[in-house]
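Undergrad: dropping the sequence and predicted coords here.
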Amino acid sequence: MEQRSINALSAAQDAANQVKEKLSAHTVEIGGDVIKIVPLGGYDGLDMWEYLMKVLLPSVGTGLDSFQHDTAMDGSPTTFSEAMMHLSNKLEGNTLKNVSISLLSGMTVNGQKVDLDEWIGCNYGAWRQVLKFALTENFSSFFENGWVDGVQDLMAMVTPAMGSTSEEP
(Lines give C-alpha, C1' and ligand atoms only; values in the text may rest on other atoms or scores of the structure.)
Protein backbone atom coordinates (compact mmCIF):
# COMPACT_ATOMS: atom_id res chain seq x y z
CA MET A 1 0.00 0.00 0.00
CA GLU A 2 2.82 2.39 0.85
CA GLN A 3 4.48 1.78 -2.55
CA ARG A 4 1.22 2.75 -4.32
CA SER A 5 1.16 6.03 -2.41
CA ILE A 6 4.76 6.71 -3.39
CA ASN A 7 4.00 5.88 -7.03
CA ALA A 8 0.88 8.09 -6.99
CA LEU A 9 2.83 10.97 -5.44
CA SER A 10 5.61 10.53 -8.00
CA ALA A 11 3.08 10.52 -10.86
CA ALA A 12 1.44 13.67 -9.48
CA GLN A 13 4.82 15.41 -9.24
CA ASP A 14 5.66 14.38 -12.81
CA ALA A 15 2.32 15.77 -14.04
CA ALA A 16 2.89 19.03 -12.12
CA ASN A 17 6.39 19.33 -13.60
CA GLN A 18 5.02 18.81 -17.12
CA VAL A 19 2.43 21.56 -16.59
CA LYS A 20 5.12 23.86 -15.18
CA GLU A 21 7.38 23.08 -18.14
CA LYS A 22 4.58 23.85 -20.62
CA LEU A 23 3.85 27.14 -18.88
CA SER A 24 7.50 28.16 -18.94
CA ALA A 25 8.00 27.13 -22.57
CA HIS A 26 8.88 30.07 -24.79
CA THR A 27 9.29 32.29 -21.73
CA VAL A 28 12.24 34.44 -20.77
CA GLU A 29 12.87 36.85 -17.90
CA ILE A 30 14.32 40.19 -18.91
CA GLY A 31 14.74 43.11 -16.55
CA GLY A 32 12.46 41.49 -13.98
CA ASP A 33 9.63 41.00 -16.49
CA VAL A 34 8.45 37.54 -17.56
CA ILE A 35 8.04 37.65 -21.32
CA LYS A 36 6.31 34.90 -23.26
CA ILE A 37 6.32 34.61 -27.02
CA VAL A 38 4.09 32.61 -29.31
CA PRO A 39 6.20 30.47 -31.67
CA LEU A 40 5.55 30.75 -35.38
CA GLY A 41 3.43 28.12 -37.07
CA GLY A 42 5.14 25.90 -39.62
CA TYR A 43 4.30 27.86 -42.78
CA ASP A 44 4.92 31.24 -41.15
CA GLY A 45 8.25 29.90 -39.87
CA LEU A 46 9.24 28.79 -43.36
CA ASP A 47 8.34 32.20 -44.78
CA MET A 48 10.33 33.96 -42.06
CA TRP A 49 13.31 31.62 -42.53
CA GLU A 50 13.33 32.32 -46.29
CA TYR A 51 13.17 36.05 -45.64
CA LEU A 52 16.03 35.90 -43.12
CA MET A 53 18.14 33.89 -45.56
CA LYS A 54 17.60 36.51 -48.28
CA VAL A 55 18.68 39.27 -45.94
CA LEU A 56 21.43 37.54 -43.95
CA LEU A 57 23.09 34.96 -46.22
CA PRO A 58 24.92 37.48 -48.42
CA SER A 59 26.45 39.06 -45.32
CA VAL A 60 27.33 35.68 -43.82
CA GLY A 61 29.02 34.84 -47.12
CA THR A 62 30.96 38.10 -46.99
CA GLY A 63 32.10 37.25 -43.47
CA LEU A 64 33.07 33.71 -44.43
CA ASP A 65 34.97 35.03 -47.44
CA SER A 66 37.13 37.07 -45.07
CA PHE A 67 38.28 33.84 -43.39
CA GLN A 68 39.32 32.29 -46.72
CA HIS A 69 41.02 35.41 -48.01
CA ASP A 70 44.66 35.41 -49.10
CA THR A 71 45.91 38.95 -48.56
CA ALA A 72 49.01 38.41 -50.72
CA MET A 73 46.97 37.34 -53.76
CA ASP A 74 43.66 39.15 -53.31
CA GLY A 75 44.61 42.43 -51.69
CA SER A 76 43.14 43.57 -48.39
CA PRO A 77 40.72 41.22 -46.60
CA THR A 78 37.02 41.81 -46.15
CA THR A 79 36.48 43.64 -42.89
CA PHE A 80 33.68 43.33 -40.36
CA SER A 81 32.65 46.85 -41.38
CA GLU A 82 32.28 45.76 -45.00
CA ALA A 83 30.16 42.77 -43.98
CA MET A 84 27.92 45.02 -41.85
CA MET A 85 27.61 47.55 -44.67
CA HIS A 86 26.57 44.71 -46.96
CA LEU A 87 23.96 43.62 -44.42
CA SER A 88 22.65 47.13 -43.95
CA ASN A 89 22.30 47.50 -47.72
CA LYS A 90 20.03 44.43 -47.70
CA LEU A 91 17.68 45.99 -45.14
CA GLU A 92 14.55 47.28 -46.82
CA GLY A 93 13.43 50.01 -44.43
CA ASN A 94 10.82 47.93 -42.63
CA THR A 95 12.91 44.80 -42.05
CA LEU A 96 13.22 45.05 -38.26
CA LYS A 97 9.61 46.16 -37.92
CA ASN A 98 8.30 43.28 -40.05
CA VAL A 99 10.48 40.68 -38.33
CA SER A 100 9.41 42.02 -34.93
CA ILE A 101 5.72 41.94 -35.83
CA SER A 102 6.02 38.38 -37.14
CA LEU A 103 8.06 37.00 -34.26
CA LEU A 104 6.58 38.95 -31.36
CA SER A 105 2.85 39.10 -32.16
CA GLY A 106 0.91 37.66 -29.24
CA MET A 107 3.76 38.36 -26.82
CA THR A 108 2.83 38.84 -23.18
CA VAL A 109 4.73 40.67 -20.45
CA ASN A 110 3.98 39.46 -16.93
CA GLY A 111 0.94 37.63 -18.29
CA GLN A 112 -0.54 40.72 -19.96
CA LYS A 113 -0.82 41.21 -23.72
CA VAL A 114 1.04 44.28 -24.86
CA ASP A 115 0.70 46.76 -27.70
CA LEU A 116 3.92 45.84 -29.48
CA ASP A 117 4.46 49.31 -30.93
CA GLU A 118 4.16 50.98 -27.53
CA TRP A 119 6.25 48.33 -25.75
CA ILE A 120 9.12 48.49 -28.25
CA GLY A 121 9.12 52.30 -28.12
CA CYS A 122 10.04 52.33 -24.47
CA ASN A 123 12.18 49.19 -24.38
CA TYR A 124 14.68 49.02 -27.24
CA GLY A 125 17.25 47.16 -25.12
CA ALA A 126 14.69 44.60 -23.96
CA TRP A 127 13.30 44.41 -27.52
CA ARG A 128 16.72 43.35 -28.80
CA GLN A 129 16.94 40.62 -26.18
CA VAL A 130 13.39 39.39 -26.81
CA LEU A 131 13.92 39.39 -30.58
CA LYS A 132 17.08 37.32 -30.13
CA PHE A 133 15.16 34.95 -27.84
CA ALA A 134 12.32 34.63 -30.38
CA LEU A 135 14.77 33.87 -33.19
CA THR A 136 16.45 31.25 -31.01
CA GLU A 137 13.16 29.67 -29.96
CA ASN A 138 11.92 29.47 -33.53
CA PHE A 139 15.08 28.54 -35.45
CA SER A 140 17.80 27.14 -33.17
CA SER A 141 16.91 23.54 -34.00
CA PHE A 142 18.26 24.17 -37.49
CA PHE A 143 21.70 24.55 -35.92
CA GLU A 144 21.48 21.81 -33.29
CA ASN A 145 24.46 20.00 -34.84
CA GLY A 146 26.50 23.20 -34.79
CA TRP A 147 26.89 26.29 -36.93
CA VAL A 148 29.11 24.61 -39.50
CA ASP A 149 26.52 21.93 -40.28
CA GLY A 150 23.75 24.52 -40.23
CA VAL A 151 25.55 26.81 -42.68
CA GLN A 152 26.44 23.83 -44.86
CA ASP A 153 22.78 22.80 -44.86
CA LEU A 154 21.80 26.35 -45.80
CA MET A 155 24.26 26.31 -48.65
CA ALA A 156 22.87 22.96 -49.82
CA MET A 157 19.37 24.44 -49.84
CA VAL A 158 20.49 27.42 -51.91
CA THR A 159 23.04 25.71 -54.16
CA PRO A 160 23.05 21.91 -53.97
CA ALA A 161 26.66 21.62 -55.20
CA MET A 162 27.92 23.81 -52.33
CA GLY A 163 26.35 21.57 -49.71
CA SER A 164 27.92 18.34 -50.94
CA THR A 165 30.62 16.67 -48.89
CA SER A 166 33.20 14.02 -49.62
CA GLU A 167 31.06 11.53 -47.65
CA GLU A 168 28.39 11.54 -50.33
CA PRO A 169 28.68 9.14 -53.31
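TA: Yep, it's here.

Undergrad: going forward, measure contacts and count neighbours with C-alpha atoms only.
TA: OK.

Undergrad: so where's the protein shaky on pLDDT?
TA: 1, 3, 5-24, 57-92, 143, 145-155, 157-169 (pLDDT under 70).

Undergrad: tell me where it has strands.
TA: 27-30, 33-36, 108-109, 112-113 (DSSP state E).

Undergrad: residues contacting residue 111?
TA: Contacts for residue 111 (CA atoms under 8 Å, 6 or more residues apart in numbering) come out as 34-36.

Undergrad: sorry, back to before: put together a markdown table for the strands of the chain, with mean neighbour count and distance to residue 129 on each row.
TA: Below are the strands of the chain laid out as a markdown table (neighbours: other CA atoms under 10 Å; distance: least, CA to CA, whole Å):
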| stretch | mean neighbour count | distance to residue 129 |
| --- | --- | --- |
| strand 27-30 | 16 | 8 |
| strand 33-36 | 18 | 11 |
| strand 108-109 | 18 | 13 |
| strand 112-113 | 12 | 18 |
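
Undergrad: want to throw these into a markdown table with distance to residue 142?
TA: Shown next, in a markdown table, are these (distance: least, CA to CA, whole Å):
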| stretch | distance to residue 142 |
| --- | --- |
| strand 27-30 | 20 |
| strand 33-36 | 21 |
| strand 108-109 | 26 |
| strand 112-113 | 29 |
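
Undergrad: all helices of the protein, in order?
TA: 2-24, 42-67, 71-74, 80-90, 95-104, 116-122, 124-139, 147-158 (DSSP state H).

Undergrad: of the contacts of residue 111, closest to residue 156?
TA: Comparing the contacts of residue 111 against residue 156 with CA to CA places residue 36 closest, at 33.5 Å.

Undergrad: list the contacts for that closest one?
TA: Here residue 36 is in contact with 25-28, 107-109, 111 (CA under 8 Å, 6+ apart).
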